[in-house]
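Here's my sequence, what's the structure:
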Amino acid sequence: MGTKITPYEDKNSSKKEQVAEMFDNISGKYDFLNHFLSAGIEKRWRKKAIKMLEPHGPKKILDLATGTADFAIAALKLNPDHITGIDISEGMLSQGRLKLTKKKIDDKITLQYGDSENLPFEDNTFDALTVGFGVRNYEHLENGLTEMLRVLKPNGVLVILEFSKPKNFPAKQFFSFYNNRLLPLIGKTVSKDPRAYTYLPESIAAFPEGEDFIGILKKVGYLRCEQKKVSGGVASIYIGQK
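Numbering: from 1, shown residues only. Presented below is the predicted three-dimensional model:
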C-alpha cells in the first residue's frame, strides 16, 4: 500500500485533518502556484481525462477532492445536468466558489464540504466520478475507493488523474530534480507553508501507482480498469467502471 505520509509531524491529528489544514494554508495561492509550477500542462491532462468520459455521456458527476474546482469546470464540456464537487478544505472550497461565481457557472456546479471516506450521498447516485490529484491524500485509500464505488451507479465510470513516477530518461531525471529540489523551494517561498510543497513529492513517492493501483481498484470492486500515462509517465489517468 505504500508508506503513510502526512503533511506535518503532529502526532495528535489524523492525516485527514492535516491535509485539510495544509490546503487551507495554501488555498489563497494554490491556483497561481499550480498553474505556474506546471506551466499549464495539468490543463491538458484534465482534458485528456475528460475525453475518456465522453463515450459514457454522464449526466450527474461527482468531483472528489475538488479543491478550487478546476476538474469540475473541465467536466462541463461533457454537458452534464449537474456537477457536485466535494473537498475537506473549506479554504479551497471558498476559492472555488469565487471562481464559479466569476465565471457565472455556479448554477451548474455545486461545491460542498465532503469526506471521500464518508460520502453524504445515497447509493448509486452518480453516473461518473472524477478525482484530480486527490487519492494519494486519502487517509485510508481502499476505504475511500470503496465509498466512491458505493455512490456510483451501475455501469458508472471512475476517472482518476494522479501523479506517477516516470521510469525513463530524461523524464525520470527531470521529474526527480523538479519535485525534490525546485518545487519545494518555489512553493515555500510563495506559499509560506514550509511543508506543503515538500509533502507533495513525498506523497507521490509513497503512492502505489501503475499496476499496484490498478490492483487496488480491482480489489475493491472496479471493473475494466486501465491506466493511461501522460507526459512520459509524469502523471497517469486511471479509469474503472462499476
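
buried stuff in the longest helix along the chain?
Ordering each helix of the chain by length in residues (DSSP state H) puts helix 15-38 first. Neighbour-count burial for helix 15-38, counted by 16 or more other C-beta atoms under 10 Å, picks out 15-27, 29-31, 33-34, 37-38. Where you see a C-beta, it was placed from the backbone N, CA and C, and this is true even at glycine.

Stretch 232-242 too?
Buried-residue list, stretch 232-242, by 16+ other C-beta under 10 Å: 232, 233, 234, 235, 236, 237, 238, 239, 240, 241, 242.

Can you tell me how far the second one is from residue 165?
Distance from residue 233 to residue 165, counting by C-beta to C-beta, to the nearest Å: 7 Å.

swap in the fourth one?
With the distance defined as C-beta to C-beta, residue 235 ends up 10 Å from residue 165.

before we move on, what about the fifth one?
Using C-beta to C-beta, one gets 10 Å for the distance from residue 236 to residue 165.

List the residues that are in contact with both of these two.
residue 209 (C-beta atoms under 8 Å, 6 or more residues apart in numbering).

count of residues packed around residue 169?
9 (other C-beta atoms under 10 Å).

Pull up the per-residue confidence for it.
Residue 169 carries a pLDDT score of 74 in this model.

quick thing: my sequence starts at 4, can you match it?
Yes, from this point I'll number from 4; that puts the last item at residue 172.

Now it: phi and psi?
phi -70, psi 140 (degrees, to the nearest 10).

So in the chain, which strand runs the longest?
For the chain, the strand with the greatest residue count under DSSP state E is strand 155-166.

Buried ones in that one, by neighbour count?
Buried residues in strand 155-166 (16+ other C-beta under 10 Å): 155, 159, 160, 161, 162, 163, 164, 165, 166.

ok, so of these, who is nearest residue 123?
The shortest approach to residue 123 among the buried residues of strand 155-166 belongs to residue 155, at 14.9 Å (C-beta to C-beta).

how about the nearest residue to that closest one, chain neighbours excluded?
Leaving aside its chain neighbours, residue 155 sits nearest to residue 245 (4.6 Å; criterion: C-beta to C-beta, 6 or more residues apart in numbering).

do residue 200 as well
residue 190 is the one closest to residue 200 (C-beta to C-beta, 6+ apart), at 2.5 Å.

isn't there a helix covering that neighbour?
Yes: according to DSSP: H, G, I helix; E, B strand; the rest coil, residue 190 belongs to a helix.

For residue 202, see how far away it is.
Taking C-beta to C-beta, one finds residue 190 at 10 Å from residue 202.

same deal with residue 87?
27 Å.
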